[in-house]
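# make a model of this:
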Amino acid sequence: MILSQTNYQLILLQTFNDEKKEKEALELCVQSNIDGIIISPVKNDSSLSLLMYIMEQICPIIIFDRINHQLDTFKIGIQNNKVIYQATEEMIKNGRKNIILLLCKDIGGNASRIKGYKDALFNCSIPYNEQNIVEISYSSPKDDIDEELERKISSLLSTPSPRCTSIDHGHFIIKGLTYIK
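Below is the predicted model of the structure:
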C-alpha cells in the first residue's frame, strides 16, 4: 500500500543460494533501472565485483543477514556468534549437555555461529565434540535433503545420551524436527 502511494515497485528475487542465479538476479535489477538493492548474498564474497560496480555506478546496496560479505556498504543482521552462544547457553541451563548444531553448508556466517557454540560449551565447562556440528548441503527448497538429514541426525541420536538441537536454517527446522522426536 505504501509503495503504491509513492510510485515505487518492489521486486523480490530468490536465488536459492546459487551464485549463478544471484548474478542473474542482480543483472535483472540493473536492466530494470532499480533505485536500490537490499540483498542477502549467497556467500561472503559472492558477486563482489558486480555488487561493487552496481553500488558505484547505479544505485545504493544494503546487505542483510550475510553481514560478513566483503562489500563495504550498510549491513543489517544478527550477531550470529552471540545468538548461537545464547541459544546454546539456554539449552545448557535447561540441563542439556550434548547439543547438536545443525547448519546449512557453505553459507556466510557459519564460522561465527560455530564460534558462539564452542564458546558457550567452553564457558560452561562442557567438552566440545566435533561430531555435534552437522552441516547439510542445501541450495534449494526443492533439494531432497531428507535422506542426508535423516542419516546424520539418526546417527547422532543413536548414542545413549540425550541431545538437544540448535537448528540454524528455517527450512531445516521443519525437516530436522521430523527426525528429532
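
# for the chain, which segments count as helices?
In the chain, the segments counted as helices under DSSP state H are 2-6, 19-31, 48-57, 80-93, 110-123, 146-157, 170-179.

# so the longest strand along the chain versus helix 110-123, what angle?
Identified as the longest strand of the chain according to DSSP state E is strand 99-104. Strand 99-104 and helix 110-123 meet at an angle of 180 degrees, taking axes from the mean of the first three to the mean of the last three C-alpha atoms, to 10 degrees as the criterion.

# and the spatially closest residue to residue 109 that is not a sequence neighbour, how close does it get to residue 49?
Ranked by C-beta to C-beta, 6 or more residues apart in numbering and with sequence neighbours excluded, the top spatial neighbour of residue 109 is residue 80, at 4.5 Å. Just so you know, the C-beta spots here come from the backbone N, C-alpha and C atoms, and that holds for glycine as well. Distance, residue 80 to residue 49, by C-beta to C-beta, to the nearest Å: 25 Å.

# same deal with residue 125?
With distances taken as C-beta to C-beta, residue 125 is found 46 Å from residue 49.

# what's the answer for residue 92, then?
43 Å.

# by mean pLDDT, which helix or strand of this protein comes out lowest?
Lowest mean confidence among the helices and strands of the chain (mean pLDDT, DSSP states H and E): helix 170-179, at a mean of 46.

# where are the low-confidence patches of the chain?
For the chain, applying pLDDT under 70 flags the ranges 1-4, 106-108, 138-144, 159-181.

# recalculate using a threshold of 90.
1-19, 33, 40, 42-46, 64-70, 77-81, 96-112, 131-181 (pLDDT under 90).

# report how many residues lie close to the residue lying closest to residue 48 once chain neighbours are set aside.
Nearest non-adjacent residue to residue 48, counting by C-beta to C-beta, 6+ apart: residue 70, 5.5 Å away. Other residues lying near residue 70 total 13 when counted by other C-beta atoms under 10 Å.

# go on, residue 87?
Neighbours of residue 87 (other C-beta under 10 Å): 20.

# gap between it and residue 130?
When C-beta to C-beta is the yardstick, residue 87 and residue 130 sit 19 Å from each other.

# need the contact list for the residue lying closest to residue 22 once chain neighbours are set aside.
Of all residues not flanking residue 22 in the chain, residue 15 sits nearest, at 4.3 Å (C-beta to C-beta, 6+ apart). Contacts for residue 15 (C-beta atoms under 8 Å, 6 or more residues apart in numbering) come out as 21, 22, 25, 42.

# before we move on, back to that, what angle separates the longest strand of the chain from helix 146-157?
In terms of direction (the same axes, to 10 degrees), strand 99-104 departs from helix 146-157 by 160 degrees.

# okay, angle between strand 99-104 and helix 80-93 too, please.
Strand 99-104 runs at 150 degrees relative to helix 80-93, counting by the same axes, to 10 degrees.
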